[in-house]
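Trainee: Give me a 3D structure for the following:
(one chain, ligands or ions: 1)
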Amino acid sequence: MTAEGIVGEYLALKRDSDADLLAMQMGDFYEFFHDDAKTVGQELDLKVSERSSGGETYQMAGVPVDDLTPYVRALVERGYRVAVADQHETENGHARSITRVVTPGTLLETTTEDAQYLAAVVEGADQTEDTEYGLAFVDITTGQFHVTTVTGEDAVLTELYRFTPTEVLPGPDTRSNDRLLERLAERVETNTTLHTTEAFAPGRARHTVREQFGAVKESVGLERETAIRAAGAVLSYIDETGISVLAAVTRLHRYHPDDHVELDATTQRNLELVETMTGGGRSLFETIDHTVTSAGRRLLKEWLTRPRRSQSELERRQACVQALCESAMVREELRELLDDASDLERAASRSVSGSADAHTLLRVRETLALLPKVADRIERSDRLAGSPLSEIVGRPDHTAVVELQTALSDALADDPPQTLTQGELIRRGYDDELDALIKEYESAVEWIDTLAERESRRHDIGRLSVDRNKTDGYYIQVPKSETDAVPDEYEGIKTLKNSQRYVTDELRERERDVLRLEERRGELEYELFEELRTRVAEHASLLQDVGRSLAELDVVASLARHAVRHDWTRPMLTGPGPIDIQAGRHPVVETQTEFVPNDLSMTEDWRFLVVTGPNMSGKSTYMRQTALIVLLAQIGSFIPAREATIGLVDGIYTRVGAIDELAQGRSTFMIEMQELSNILHSATEESLVILDEVGRGTATYDGISIAWATTEYLHNRINAKTLFATHYHELTDLADRLPGVHNVHMAAEDRGGDVTFLWTIEDGPADRSYGIHVAELASVPSPVVDRSRTVLKRLREDKAIDVRGAKSGTGDTQQVVFDLGSGQFKRASADGGDETDDEREAVIEELSDIDVNEQSPVELLSTVQRWQERLEE
Ligand code: ADP
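Mentor: Numbering: from 1, shown residues only. The predicted model follows:
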């Protein structure tokens, strides 16, 4: 085919696909052309060559066929959708067609161990605040599939943030919902793909779901149409990309958002659960993670972002952690065993898609063999045998595990090569035909191996040797000095400087045998391997079960290890109710500094705490630590406290000064209000609300008013447990007026001019003049400090303050008072009164003096009019 023909074919294929880039196979290479070549060249530092043909120049970049995967992975991880067109033989030469489109959400070859979700969002028909959305999340690398329905946009964002999908398929209506897409883009780094509208149609989607799960779907209660549409759409999308991995999606997990503690997107970020806001420092996950497997790490992240509300489930996890805390030796033995475990969920997906190699299956075999060992170790420990750990490791079907593991042991060679086509994958004794083949092969090789010795003896040629190379195949080599002794049946094939190479008919025949047998062996072993891989693929759900059990064990062992090392304790869990934490600590900060523990008690009567204290005195730390302790309790972990009772919460909401959002070009105050709005709409009586400053982004009096009203609303209407840090001292007055509101402050001590923060929380509001004290410490000149003290004192007493002119003693001193109504200073008269008041008093005086009977109505009317005018002035 001509160059134009090929480029033409490339462009035609590209046009028919909706991919960003196309890799087209040409023999041993995959090639990118034109702009695609330039893009790939830039992104991956790949050499781009310029070709010209028929007067046209074009760019071209290629990668060897066997190396395509890492290139595609790198491109997809940068957000490109890459189509792959394979070449296949036809009657009249080659043909090419697109066999796969690799997208961020369907990348099986991912190198990160994190979950990789593909999501679909379907919007219900009624476009109101209460619009129902159906959501589906699939991780093709592990087969996890979650489906739910939620109400309202905020809840959609919450769930998307929880799963942080790498690719999102918005449904037909959601596509035109620019606001939702914009908000999503701000919160989650993801790629949005427009999947065909038909895939979202109810009938089509229902059919797809039924094909995947059969009758199962009815029993899981997937009755909402939006949910079915989302589920059907993701499944059909995976199918269309050509990655045959759907059989690894063995179960549909339908969840209700109420199963989890609601953590809105902002809170997940603010609390720095799995990553920090700035990228520096350590997240909660990084601090507490001692897992030894990648599946364990994935699960711990999942627990942290999806804390639970079910007390029984949490107590089951706590019991595991406690048992493992109390059996340090066994715990460490178990962790050592788990250290050898490979990622079975991922192996299941790779087996299903046909990309698992012999090493993957070998590791599956070894990991399956761990389950009975782990179970046995648990059973031999009295402490652990009586805990729910037995149930965790007992969950997978042990008989099936042993069967599959035995099958793999019987079949797989111990040290298989990387390639799958050259044999040596399968153990002897597994397959009769293969054994016979190998026997025959080995005897042929043996004949050749001993040929040199036989020939040398027979013809008395001392230095005769037999060897093989690519061009000559097998040959007999004789040094020139001995070629006289060579018999007639030797046929010379090559003359070298010092020697001569020969073959014989017999050697040729044996060589043919060896080649034939080698080829057949490669084919047969590959067939047997494929059978084995299919068998593993058929057990995908078993692999997922075992993987999940081991991961769970890894996570509880990790939590136990952290608890023991950092002296964490088991909190007592109760239904929604008081939260009482004795000597609580911040789980992350305590690992970085000498931490001063603090108590916290929240009850119905103490449900709203106004936290005051100077900057840097520890207010945010105290509030965050409370949120994190409650969150840890609700993943089943022990907590950093001497002792605690945690009334389970249904949601944790935080509003924290957001520095980084400025960079995104949105008004911080607008964001602040959106976050506040979400909290006030979503929080309930059973929620924990953390507000770190509200209303700071606007003028003082706006700010106070909003903070004030927010407090009343949370206290009176919502009844949520709230910690509210504020620098508006005005709010501390609310403690006297609302029964559930109380003041606490962070203590600071002034020791001979040196202010020390004590990091302890105390009852009552903080000292107001603290700021001036800090100014003094910072050596602000004493006239300024003294003067501020006076101004503050007069302000508090609502007294007039004299504004000192440039020259003192000029006699034209002005006085002002602070007017709460307008939030401004107003001029005061010399006696401290106000001109308006004087006028008003004068008018009132005249009014009381007037004798109504002495004046005509017209006169009266004009007097009243004058008064009005004076008052208006
Ligand atoms: P604020 O919110 O009042 O401005 P922060 O909570 O940010 O103060 O705390 C300021 C610093 O004090 C933090 O860097 C933290 O490390 C430290 N800190 C806070 N609380 C404690 C504590 N209980 N023990 C020890 N150090 C603390």
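Trainee: drop to CA atoms for contacts and neighbour counts, all remaining ones
Mentor: Will do.
Trainee: from memory residue 290 sits against residue 564, does it?
Mentor: No. Look at residue 290 against residue 564 with Cα atoms under 8 Å: they stay out of range, at 12.0 Å.
Trainee: Of these two, which one has the most company?
Mentor: residue 290 (21 against 16; other Cα atoms under 10 Å).
Trainee: State the three-state secondary structure for the more buried one.
Mentor: At residue 290 the chain is in coil, as set by DSSP: H, G, I helix; E, B strand; the rest coil.
Trainee: Grab the nearest non-local neighbour of it.
Mentor: Nearest non-adjacent residue to residue 290, counting by Cα to Cα, 6 or more residues apart in numbering: residue 558, 4.8 Å away.
Trainee: For that neighbour, list the residues it contacts.
Mentor: Residue 558 makes contacts with 288-291, as judged by Cα atoms under 8 Å, 6 or more residues apart in numbering.
Trainee: and it, what element?
Mentor: helix 540-565 (DSSP states H and E).
Trainee: buried set for that helix?
Mentor: Buried residues in helix 540-565, counting neighbours by 16 or more other Cα atoms under 10 Å, are found at 540-564.
Trainee: Check which helix or strand the residue in the stretch 751-873 of the chain that the ligand sits nearest to maps to.
Mentor: Nearest residue of the stretch 751-873 of the chain to the ligand, counting by Cα to the nearest ligand atom: residue 759, 4.4 Å away. Per DSSP H and E, residue 759 falls inside strand 754-763.
Trainee: Each with direction, which strands does that strand pair with?
Mentor: In the sheet, strand 754-763 lines up against strand 741-751 (antiparallel) (DSSP bridges).
Trainee: coming back round to it: ok, then the element right after the helix holding residue 558?
Mentor: As assigned by DSSP H and E, the chain's next helix or strand after helix 540-565 is strand 572-574.
Trainee: Could you count how many residues lie near residue 500?
Mentor: Residues lying near residue 500 (other Cα under 10 Å) number 19.
Trainee: residue contacts, it?
Mentor: Residue 500 sits next to 477-480, 483, 492-494 when contact means Cα under 8 Å, 6+ apart.
Trainee: beta partners for it?
Mentor: Counting by DSSP bridges, residue 500 is bridged to residue 478, residue 495.
Trainee: do you know how far it is from the ligand?
Mentor: For residue 500, the distance to the ligand equals 82 Å [Cα to the nearest ligand atom, to the nearest Å].
Trainee: and residue 619, how many residues sit next to it?
Mentor: 25.
Trainee: Kindly report the same for residue 403.
Mentor: Counted with other Cα under 10 Å, the burial measure for residue 403 works out to 11 neighbours.
Trainee: three-state assignment of it?
Mentor: At residue 403 the chain is in helix, as set by three-state DSSP.
Trainee: Likewise for residue 646?
Mentor: strand.
Trainee: helices and strands around the helix or strand residue 332 falls within, which ones?
Mentor: Take DSSP H and E as the rule and residue 332 turns out to sit in helix 328-338. For helix 328-338, the packing partners by 3 or more Cα pairs under 8 Å, 6 or more residues apart in numbering; DSSP states H and E come out as helix 311-326, helix 358-379, helix 540-565.
Trainee: Please name whichever of those is nearest to residue 712.
Mentor: Of all the helices and strands packed on helix 328-338, it is helix 311-326 that lies closest to residue 712, at 30.8 Å by Cα to Cα.
Trainee: Can you work out which other helices and strands pack against the closest one?
Mentor: Packing partners of helix 311-326 (3+ Cα pairs under 8 Å, 6+ apart): helix 328-338, helix 382-385, helix 540-565, strand 572-574.
Trainee: quick one: strands adjacent to the shortest one?
Mentor: By that I understand strand 572-574. strand 643-647 (parallel).
Trainee: Tell me who's in contact with the single nearest residue of the stretch 251-400 of the chain relative to the ligand.
Mentor: Using Cα to the nearest ligand atom, the single residue of the stretch 251-400 of the chain nearest to the ligand is residue 281, 11.5 Å away. Counting by Cα under 8 Å, 6+ apart, residue 281 touches no other residue.
Trainee: do the same with residue 272
Mentor: By Cα under 8 Å, 6+ apart, the residues touching residue 272 are 283-284.
Trainee: before we move on, what about residue 485?
Mentor: Contacts for residue 485 (Cα under 8 Å, 6+ apart) come out as 459-461.
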